[in-house]
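Engineer: dropping a prediction and its sequence here:
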Amino acid sequence: MVMSGSIGEMTDVADADATPAPARRAAVAGPAVLDAREVSQRFGPTTVLRDVSLTIRAGEIHALLGPNGAGKTTLIRILAGLQHPTAGSVEIAGFHPSANARLFRQQIGFVASGDRTFYLRISGLENLVFFARLHGMTRRQAIRRSEEVLADVGLAEATRKPVGTYSHGMQKRLSVARALLTSPAVMLIDEATHDLDPDAARRVRELVAAAAARGAAVVWVTQRLEEIRGFADEVTLLDAGRVRFSGTVPQLMSHAAPRRYLLHLEHDGHDSRVLLAARAALAPRATLTPIGDGASGHHALSLAAEVVLGDALGTLAAAGVRLLSCQEERSEIEEAFLLLVDEGGA
């Protein structure tokens, strides 16, 4: 949350450049497309996943969060049919991997983290035609479908260029194009934006959101916590192989209780006495500490337990201090993530 203007004229501008919210899509409803039930995975004596359940409907973007080693990649491999769980079951669009592995995998578009499976010396079109043929398409069908998805991801002008000449962002879009070849019921996206610049990451999110708008159920694995705001419909947080949270993004944010804020202040005449009076009025409910020498007007506001931010800002206003901006030191999503992970390790 970022607020600007005078204390009486604050506006929330945190999402001004965020990915458009899921509200622009039709309401997610209907039966589950992906249904994972009590999935567990052990490697020898080590339990990597324990009783993880996940239900995702058509058109839903479901974010999967967790610290390193939480079990996210193992779960994605199980959902993709690349690994069989020790216990539990996975069903996608009515198909089970043990009953018909080929039909099961045809329902899935997979974008792997750090993908190195393209042939760099041949063109993007030739790469996609190769993979489309593996899915059983005729050469004519493969060419037509490959050209369609390359246009969908904005690579129509690069279809004949060797993939080795593509930028990193272009290669990520090519990965999304490959995942779209079979118009999959489910898309599994494993940290597709972790090493992209903000603009390239935004373009990948837009492509995935468009696939969801067409009815795909999406599992979006990420370490970029803030990118799920306004993008994901539901969130599951894994830690040490267990589900620590499952719900909507606002429900996740409700777990946060931010206590520290970064303020940009302006006071009448830049009189230090005004700030001294403000600090005295805030005590002991809050402390106001300059950042650096304080000449820039940037300060840190730390609140005591149960103190409401608005009351503290009102105290500053009464002391003659004008607030130019107020920002949480950490976002609500990051606060909630850290709190839930810490609780899980307690």
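Structural biologist: Done, it's in.

Engineer: how close does A112 get to F43?
Structural biologist: 20 Å (C-beta to C-beta, to the nearest Å). Heads up, the C-betas are built off the backbone N, CA and C, glycines and all.

Engineer: more neighbours, these two?
Structural biologist: Using other C-beta atoms under 10 Å as the criterion, A112 and F43 rank with A112 on top: 19 against 9.

Engineer: who's the spatially closest residue to the more buried one that is not a sequence neighbour bridged to?
Structural biologist: Distances taken as C-beta to C-beta, 6 or more residues apart in numbering put D190 closest to A112, at 5.4 Å, once the chain neighbours are dropped. Bridge pairing for D190 (DSSP bridges) gives the partners V221.

Engineer: could you shift the numbering so residue one becomes 26, and keep it that way?
Structural biologist: Shifting the count to begin at 26 puts that one at D215.

Engineer: what sits against D215?
Structural biologist: 97-98, 101, 135-138, 246 (C-beta atoms under 8 Å, 6 or more residues apart in numbering).

Engineer: how close does it get to V244?
Structural biologist: For D215, the distance to V244 - C-beta to C-beta - is 9 Å.

Engineer: now do the shared contacts for those two.
Structural biologist: I101.

Engineer: domain parsing for the chain?
Structural biologist: The chain breaks down into these domains under automatic domain parsing: 27-40+281-370, 47-278.

Engineer: which stretch in these has the least confidence?
Structural biologist: For these, the weakest mean pLDDT is recorded on domain 27-40+281-370, namely a mean of 72.

Engineer: ok, back up a step: from the contacts of D215, which land in strands?
Structural biologist: In this view, those that belong to strands under DSSP state E are 135-136, 246.

Engineer: now the helices for the stretch 226-371 of the chain?
Structural biologist: 274-278, 297-307, 334-343, 357-370 (DSSP state H, counting those that start in this stretch).

Engineer: next, the buried residues of stretch 150-160.
Structural biologist: 150-154, 156-157 (16 or more other C-beta atoms under 10 Å).

Engineer: ends of stretch 70-89, what's the gap?
Structural biologist: 25 Å (C-alpha to C-alpha, to the nearest Å).

Engineer: if we can go back for a sec, which one of the domains of the chain is the most hemmed in?
Structural biologist: domain 47-278 (a mean of 18; mean count of other C-beta atoms under 10 Å).

Engineer: okay, which residue is most central for this structure?
Structural biologist: In the chain, the C-alpha closest to the average C-alpha coordinate belongs to I253, at a distance of 3.5 Å (C-alpha atoms, centre = their mean).

Engineer: residue contacts, that one?
Structural biologist: Applying C-beta under 8 Å, 6+ apart, the residues contacting I253 are 88, 90, 245, 247, 260, 274, 358.

Engineer: return the distance of the fourth one relative to I101.
Structural biologist: This points to T247. Counting by C-beta to C-beta - T247 and I101 are separated by 12 Å.

Engineer: any residues in contact with both of the two?
Structural biologist: Taking C-beta under 8 Å, 6+ apart as the criterion, T247 and I101 both touch L89.

Engineer: need the phi and psi values for L205.
Structural biologist: Dihedral angles of L205 (phi, psi; degrees, to the nearest 10) stand at phi -90, psi -10.

Engineer: let me redo that: V333
Structural biologist: phi -90, psi 140.

Engineer: tell me the contacts of it?
Structural biologist: Taking C-beta under 8 Å, 6+ apart as the definition, V333 has no contacts.

Engineer: now it: how far from V58?
Structural biologist: 43 Å.

Engineer: distance from the chain centre to stretch 71-90, please.
Structural biologist: 14 Å (C-alpha atoms, centre = their mean, to the nearest Å).

Engineer: residues in a beta bridge with A57, which ones?
Structural biologist: Those that pair with A57 in a beta bridge, by DSSP bridges, are R82.

Engineer: is it in contact with L79, as I believe?
Structural biologist: No. Using C-beta atoms under 8 Å as the test, A57 is too far from L79 to be in contact (9.3 Å).

Engineer: tell me if I'm right that A181 and S171 touch.
Structural biologist: No. Using C-beta under 8 Å, A181 is not in contact with S171, being 11.1 Å away.

Engineer: beta partners of the residue lying closest to A257 once chain neighbours are set aside?
Structural biologist: The shortest distance from A257 to any non-neighbouring residue, by C-beta to C-beta, 6+ apart, is to A88 (3.8 Å). Beta-bridge pairing for A88 (DSSP bridges): W245, V260.

Engineer: what sits against A88?
Structural biologist: 245-247, 253, 256-257, 259-261, 274.

Engineer: so which of those comes closest to T72?
Structural biologist: Closest approach to T72 among the contacts of A88 (C-beta to C-beta): T261, at 17.8 Å.

Engineer: nearest residue to the closest one in space, please, no chain neighbours.
Structural biologist: S271 (4.9 Å).

Engineer: and the residue located most distally from the centre of the chain, how far is that from Q276?
Structural biologist: Residue distances from the centre of the chain (C-alpha atoms, centre = their mean) peak at R298, which lies 44.9 Å from the mean C-alpha position. Counting by C-beta to C-beta, the gap from R298 to Q276 is 45 Å.
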